[in-house]
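coords below, sequence missing:
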Ligand SMILES: [Fe+2]
């Protein structure tokens, strides 16, 4: 029997159908002020016959739930129609620009910006624009204003309305900071020279700086030549460092700080403190991490780096040693001080991506959402049970004017009793309490990556 990738089985197993369902059943009460769409992207390959399948290369599928006036109006799941996906489905490709021949069904994140819905991915390919009901409009280069590839992760500055990103591509000897203005066109690009072709999955943003994670996971031509699907490997010869790029500066002004070798997929948030230092909270894999095999020892913890430009030093402190990933804040505090953070403990992802010689407590392999109060140094866990895998949590404010953490935390959570997913809505300020609502979706949702709450305008 052919070996099958872990990422094609169990809670990762792709679904085979696109579904449209209306007026979804709900246990509890959906807050009436939640008017908009919760969308989440993730890989959902069209075939199951690839024993070497890497989780990060499956065709993107976006799952969405539309809420209005206390009702769950619809659930939809749709593949992102790249050329190959459209052809496999027997449809015409919604054609558009392609960067360097690198068309890909964007599978990593889905965001709203300038009235558009964009599925995003990194490593060279362009975002795909989706309709409000998740149909594919086509690839987007922001109206012809993007010079190269784009990125999976973006940060929207809530004060300026600017969407920041950092793009990397194997054939570049630089990474590129890209600003898309509130009108949806690129207004600024800055290329920063870097050696070895590092993967930069995420970055952080403060009022003053773009924070660059130049860590020792770099493009490997050897791995690429050997047919490795995602040829980014641990490179001990690459100096781990964190860079501060002034937001309106130029390349020569990047300030680099050397750090111990580690790997970071995701930042929680960052900000400038009153003493001119830069506070960066990240989920950090201590020691080596090989992205091509999704393998490392960990620990994988929530850590704080404080970069002091005056002293040229980085202070490092562990905020929470529980194994976690997918950190998010209330989007309204992006780039400025945050008190709260939300993250996910996803047992099946931990089992699949952390080598078993790490010394982890059993709770690391549970299914839970975490709420961090970083002012008090406390953590609350909402546990979902052994088979109830929970994905990334996204925060939605109760109103645009409510304070940080006054609102809702939502995530897709597997409901083992129905063998289907629920969209679970927690009250952020009663985090461990019964969910306010469980919206019962008609199908399973494979474990995936990132999403957004996109309120109606
Ligand atoms: Fe990510």
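Now that the structure is in, tell me what you want to look at. Predicted model only: the values in this text are computed from it and were never measured.

so where's the stretch 1-150 of the chain shaky on pLDDT?
Counting by pLDDT under 70, the stretch 1-150 of the chain contains low-confidence ranges at 1-3, 48.

So which residues of it form helices?
Secondary structure of the stretch 1-150 of the chain, counting by DSSP state H, counting those that start in this stretch: helices at 83-88.

go on, the stretch 301-450 of the chain?
Counting by DSSP H, counting those that start in this stretch, the helices of the stretch 301-450 of the chain are 347-353.

Tell me where the model's unsure across it.
For the stretch 301-450 of the chain (pLDDT under 70), the answer is 355-364.

which residues in it form strands?
313-320, 325-328, 340-346, 367-373, 378-383, 394-397, 407-415, 420-427, 437-440 (DSSP state E, counting those that start in this stretch).

The strand ranked longest in the chain: how far from the chain's middle?
For the chain, the strand reaching the highest residue count under DSSP state E is reported as strand 262-272. Relative to its chain's centre, strand 262-272 lies at 12 Å (C-alpha atoms, centre = their mean, to the nearest Å).

The next helix or strand after it packs against which elements?
Using DSSP states H and E, the helix or strand that follows strand 262-272 towards the C-terminus is strand 278-286. If you count contacts as 3 or more C-beta pairs under 8 Å, 6 or more residues apart in numbering; DSSP states H and E, strand 278-286 packs onto strand 209-214, strand 262-272, strand 300-308, strand 325-328. Every residue, glycine included, has its C-beta placed from N, CA and C.

Each with direction, which strands does strand 278-286 pair with?
Sheet pairing here is set by DSSP bridges, and for strand 278-286 it gives strand 262-272 (antiparallel), strand 300-308 (antiparallel).

Buried deepest among those, which one?
strand 262-272 (a mean of 23; mean count of other C-beta atoms under 10 Å).

Give the rounded mean pLDDT of it.
Averaged across strand 262-272, the pLDDT comes to 97.

quick check: angle from that strand to strand 367-373?
Put simply, strand 262-272 runs at 40 degrees to strand 367-373, going by axes from the mean of the first three to the mean of the last three C-alpha atoms, to 10 degrees.

circling back: output the strands paired with strand 278-286 in TSV, with distance to residue 174 appended to each entry.
Output for these, formatted as TSV (distance: least, C-beta to C-beta, whole Å):
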stretch	distance to residue 174
strand 262-272	20
strand 300-308	22
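
closest to residue 222 out of the ones you listed?
strand 262-272 (19.5 Å; C-beta to C-beta).

Just want the angle from the closest one to strand 340-346.
With the same axes, to 10 degrees defining the directions, strand 262-272 sits at 160 degrees from strand 340-346.

Enumerate the positions of stretch 314-329 that are buried.
314, 319, 320, 322, 323, 324, 325, 326, 327, 328, 329 (16 or more other C-beta atoms under 10 Å).

Export the strands of the stretch 301-450 of the chain as TSV, with columns for distance to residue 118.
TSV is the format used below for the strands of the stretch 301-450 of the chain (distance: least, C-beta to C-beta, whole Å):
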stretch	distance to residue 118
strand 313-320	31
strand 325-328	18
strand 340-346	23
strand 367-373	25
strand 378-383	30
strand 394-397	16
strand 407-415	20
strand 420-427	21
strand 437-440	24
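
Residue 183: which of those is closest?
Residue 183 lies closest to strand 394-397 among the strands of the stretch 301-450 of the chain, at 24.2 Å (C-beta to C-beta).
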